[in-house]
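S.K.: Need the 3D shape of this:
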Amino acid sequence: MAKKKANFGGKLLIAAACAATIAQFPISQVNAYSEGIVPVFATTLGISGSDWVKGSVVGSDGNLVVVGVGEINGSTDTAVIAKYSPKGEMIWGTELGGTQSNGTYMYDVEQLKSGNYLAVGEIDGVPTAFEIDGEDGSVVTASDIRIKVTSIALDESFDNPQFVGVDGENASIYLFSYNPQSPGYMLQNATNIQDGKPIRAIESNGNNGYVAVGFDNTGDDDSNSSVLYYGDRAGAYPTIRTILSRGTVINNVIPYGDSYIGVGQESGCFYIAKINSEGSITDDYILGGGNAAGKVSEFHSVKALDNGEIVAVGTSNYTSSAINPKGGSDGVIARFSSDINLISALNPSGEGDDELYTVATNGNKFYVGGSSTSLDIGIEYSGNEMYSIIAGYGQGVTADVTFHIDGDIPEGVDAPEDGEYHFTEDGNDLPIPGSTDNQLFSGWYTDEGLEDELGDQVPSDDLDLYGKYFDVETENLNDLDTFDHWCEYQNEGTLLVCTNPEDNTITAGETSDPFTPQVPSVVMDDAATGKWVSDDPTIATVDQNGKVTGVSEGTTNIRFIVYDENGNIIYEYVLSFTVKAAANPDTVDVTPMILTIAAFSAVSFAAIFRRAFNKR
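M.R.: Have a look, this model is predicted:
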């Protein structure tokens with residue numbers, strides 16, 4: 001099978017010439033292939049100068065959990081496990097002890113069926129397995145497992161969980177089981193496969209078994225052949241398959257349908273291969289990166305997206321040159337199609353001295369972890385210190401957008417400029433015109449009768465977007481009892497919900513006059529955008545002019561939702577609607593709807609704020 005080769009700037013990169021073509025994979029050309037790799041967030045485990053993230057997993061709740069070395073509660077260079085939301089917000093973080101200078105490292109993490117997490121590492125040189133509470137990050141158990149393991153695969157087919165692990169250096173697979181009497185994990189047995197064939201990584205196969213990958217360096221020609229190991233359960237002696245490709249080292253492997261995807265390096269270049277169950281390579285790809293001063297460019301981790309694409313991360317090593325004046329290493333993210341063709345590639349920093357070790361996926365989004373001196377994550381770097389890095393990425397497209405505003409834009413507010421904007425599954429890069437004291441922007445909507453919310457849709461063509469301003473009146477409300485009846489604070493006082501006590505009635509097929517949302521001045525201080533929504537569009541719909549249309553018999557709520565500049569919901573104005581069936585489908589009796597609601601004053605809201613927070 002002919003190997004596929006990366007072609008950047010008209011230069012084909014082939015394995016035999018990789019060491020001699022260091023400058024053929026410049027970062028400027030890599031990032032020209034970055035379409036579809038969209039930064040969502042970047043953060044860090046610490047800024048002590050020698051932090052890094054080594055293992056990651058997306059849990060059943062959709063949040064990201066990482067392990068590495070960093071600082072969360074003030075300690076420096078200590079073992080850390082942390083959970084992050086898909087937007088990069090830390091949910092919890094736990095320091096596990098030890099210091100890196102005394103041999104502290106964290107290597108891998110997986111989620112148990114209980115929702116807790118199993119993490120492995122070394123604490124001051126002691127091999128340790130931690131079970132971590134998935135809700136609050138507290139340590140459930142910490143077990144001395146006697147043998148260092150750097151990669152693990154779970155088997156929960158028994159009453160007590162088991163896992164297998166490898167240390168990346170020896171030709172052994174270690175079996176650990178949970179002992180409820182201790183409680184904790186203990187070494188049960190070690191299976192030595194064959195000396196001279198170190199096993200680099202191990203991964204669950206989805207059926208409580210495992211697939212592992214290593215390499216054979218016992219050949220007469222001193223080159224390497226990669227080796228696959230299969231086990232149908234954690235304690236099973238593996239079936240061995242040799243990948244017939246000399247000069248390759250596979251660092252990580254995952255199941256992929258009926259095949260496997262392995263990543264690593266071949267002759268100093270990035271390498272990815274699809275491998276069948278017999279150990280034969282069916283598709284592969286070589287991505288140049290240089291092999292300077294004995295260093296290699298190699299992928300360390302790989303995962304598949306829901307759409308079938310494959311994301312691999314690793315590190316490219318260079319000498320100092322015009323295309324990389326800082327020298328050092330560069331982290332690289334690469335996306336491949338299911339038939340192992342390059343789709344896009346990206347160096348997150350573009351300046352050198354960063355490394356990527358791990359990738360985790362959630363749908364078609366992915367997260368990478370490693371260390372960096374140059375990736376802009378909102379902290380100030382000094383010298384060439386390496387800081388831990390966690391970054392989230394999505395996919396998207398660029399579309400040409402034309403904006404339409406219904407009515408005049410308030411004085412002092414700039415109109416948005418038409419042009420190209422990027423759309424991703426995590427949100428859209430769109431300008432939001434500002435609001436004034438009494439003018440609130442509705443948000444952007446598609447042109448289908450202003451009924452379909454744009455949300456996080458990714459357009460397939462050029463787009464016309466519509467928006468309008470609501471004129472919000474503020475009048476005094478003297479009846480505080482009525483105010484109490486309408487409004488209550490939720491979410492620990494961060495959300496105010498005001499419900500109109502009137503029951504509005506409409507007939508199926510009827511469309512009301514437009515409603516004006518009543519938004520108190522105290523909410524307007526933090527308001528950025530607002531929109532009308534229906535709790536149940538199968539009963540009644542609402543457009544962004546506030547017109548309600550009955551659809552079918554039933555009861556539902558119509559809400560005007562107000563967001564702050566960070567996209568948080570801070571206020572909901574709720575109208576209750578009962579929709580009656582039309583007496584005659586051909587003849588609809590339309591009764592005009594008139595809503596008279598007193599608006600709220602800042603003085604009245606001050607009283608409620610004091611009451612909500614027990615202030616006097």
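
S.K.: The helix or strand in which Leu175 is found packs against which elements?
M.R.: Secondary structure assigned from DSSP states H and E places Leu175 in strand 172-179. For strand 172-179, the elements it packs on are strand 162-166, strand 184-192, strand 199-204, judged by 3 or more CB pairs under 8 Å, 6 or more residues apart in numbering; DSSP states H and E. The way it works is simple: take the backbone N, C-alpha and C, and place the C-beta from them, glycine included.

S.K.: Please identify the most buried of the ones you listed.
M.R.: The highest mean neighbour count among those, using mean count of other CB atoms under 10 Å, belongs to strand 162-166: a mean of 27.

S.K.: Relative to it, what are the paired strands and their orientations?
M.R.: In the sheet, strand 162-166 lines up against strand 151-155 (antiparallel), strand 172-179 (antiparallel) (DSSP bridges).

S.K.: Can you give me the domain assignment for the protein?
M.R.: 4-394, 398-471, 480-612 (automatic domain parsing).

S.K.: Output those domains in CSV; the columns should cover mean pLDDT.
M.R.: Shown next, in CSV, are the domains of the chain (pLDDT from 0 to 100):
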stretch, mean pLDDT
domain 4-394, 77
domain 398-471, 74
domain 480-612, 73
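
S.K.: Please identify the deepest-packed of these.
M.R.: Highest mean neighbour count among those (mean count of other CB under 10 Å): domain 4-394, with a mean of 19.

S.K.: just how off-centre is that domain within its chain?
M.R.: Centroid separation for domain 4-394 versus its chain: 16 Å, with CA atoms, centre = their mean, to the nearest Å.

S.K.: Check stretch 529-549 too.
M.R.: Taking the mean of its C-alpha atoms, stretch 529-549 sits 31 Å from the chain's own mean (CA atoms, centre = their mean).

S.K.: do the same with stretch 546-553
M.R.: Remark: stretch 546-553 is offset 37 Å from the chain centroid, using CA atoms, centre = their mean.

S.K.: List the neighbours of that stretch that are in contact with it.
M.R.: Where contact means CB atoms under 8 Å, 6 or more residues apart in numbering, the residues beyond stretch 546-553 that reach it are 504, 506-517, 532, 537-543, 558, 560, 575, 577, 579-581, 593.

S.K.: re the thing from before, and Pro86, which of the strands paired with strand 162-166 is closest to it?
M.R.: Closest approach to Pro86 among the strands paired with strand 162-166 (CB to CB): strand 151-155, 23.3 Å.

S.K.: before we move on, the earlier item: of the strands paired with strand 162-166, which is nearest Ile202?
M.R.: Taking CB to CB, strand 151-155 is the member of the strands paired with strand 162-166 nearest to Ile202, at 4.8 Å.

S.K.: tell me the angle of that closest one relative to strand 199-204?
M.R.: Angle, strand 151-155 to strand 199-204, by axes from the mean of the first three to the mean of the last three CA atoms, to 10 degrees: 30 degrees.

S.K.: quick revisit: so for Ile193, which of the strands paired with strand 162-166 sits nearest?
M.R.: strand 172-179 (6.8 Å).

S.K.: about what we covered before: for the strands paired with strand 162-166, give me CSV that also has distance to Glu488.
M.R.: Below are the strands paired with strand 162-166 laid out as CSV (distance: least, CB to CB, whole Å):
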stretch, distance to Glu488
strand 151-155, 45
strand 172-179, 46
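
S.K.: looking at these, which is closest to His422?
M.R.: With CB to CB as the measure, strand 151-155 is the member of the strands paired with strand 162-166 nearest His422 (35.8 Å).

S.K.: quick one: contacts of the closest one?
M.R.: For strand 151-155, contacts defined as CB under 8 Å, 6+ apart pick out 107-108, 110, 112, 118, 120, 161-166, 168, 200-205, 208-210, 212, 233-235.

S.K.: Recalculate using a threshold of 7 Å.
M.R.: 107-108, 110, 112, 118, 120, 161-166, 168, 201-204, 208, 210, 233-234 (CB atoms under 7 Å, 6 or more residues apart in numbering).

S.K.: out of the contacts of stretch 546-553, which are inside strands?
M.R.: When the contacts of stretch 546-553 are checked against strands (DSSP state E), the matches are 504, 506-507, 532, 540-542, 558, 560, 575, 577, 579-580.

S.K.: what about the helices in the stretch 1-150 of the chain?
M.R.: Taking DSSP state H, counting those that start in this stretch to define them, one finds helices in the stretch 1-150 of the chain at 27-30.

S.K.: hey, where'd the strands end up in it?
M.R.: All strands of the stretch 1-150 of the chain, identified by DSSP state E, counting those that start in this stretch, fall at 4-5, 7-8, 11-12, 38-43, 52-58, 64-70, 78-84, 90-97, 105-111, 117-123, 126-132, 139-144.

S.K.: Make CSV out of those and add distance to Ile340.
M.R.: Output for those, formatted as CSV (distance: least, CB to CB, whole Å):
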stretch, distance to Ile340
strand 4-5, 7
strand 7-8, 15
strand 11-12, 17
strand 38-43, 23
strand 52-58, 23
strand 64-70, 26
strand 78-84, 30
strand 90-97, 36
strand 105-111, 25
strand 117-123, 30
strand 126-132, 35
strand 139-144, 40
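
S.K.: Tell me which of these sits nearest to Cys498.
M.R.: Comparison of those against Cys498 by CB to CB identifies strand 90-97 as nearest, at 30.3 Å.

S.K.: Contacts only, for Val120.
M.R.: Shown in contact with Val120 (CB under 7 Å, 6+ apart): 107-108, 129, 149, 152, 165.

S.K.: now those residues in a markdown table, with distance to Ile81?
M.R.: A markdown table is the format used below for the contacts of Val120 (distance: CB to CB, whole Å):
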| residue | distance to Ile81 |
| --- | --- |
| Tyr107 | 12 |
| Asp108 | 11 |
| Ala129 | 12 |
| Val149 | 16 |
| Ile152 | 14 |
| Gly165 | 17 |
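
S.K.: Now flag whichever of those is closest to Asp526.
M.R.: Lowest distance from Asp526 to those (CB to CB) belongs to Asp108, with 42.7 Å.

S.K.: what separates Val313 from Gly93, distance-wise?
M.R.: For Val313, the distance to Gly93 (CB to CB, to the nearest Å) stands at 22 Å.

S.K.: just the angle between the strand holding Leu175 and strand 117-123, please?
M.R.: Put simply, strand 172-179 runs at 120 degrees to strand 117-123, going by the same axes, to 10 degrees.

S.K.: who's in contact with strand 172-179?
M.R.: Strand 172-179 is contacted from outside by 129, 145, 147, 149, 160-166, 185-193, 199, 202, 212, 234-235, 238, using CB under 7 Å, 6+ apart.

S.K.: follow-up on the earlier one: for the contacts of Val120, which one is nearest Lys365?
M.R.: Closest approach to Lys365 among the contacts of Val120 (CB to CB): Asp108, at 21.0 Å.
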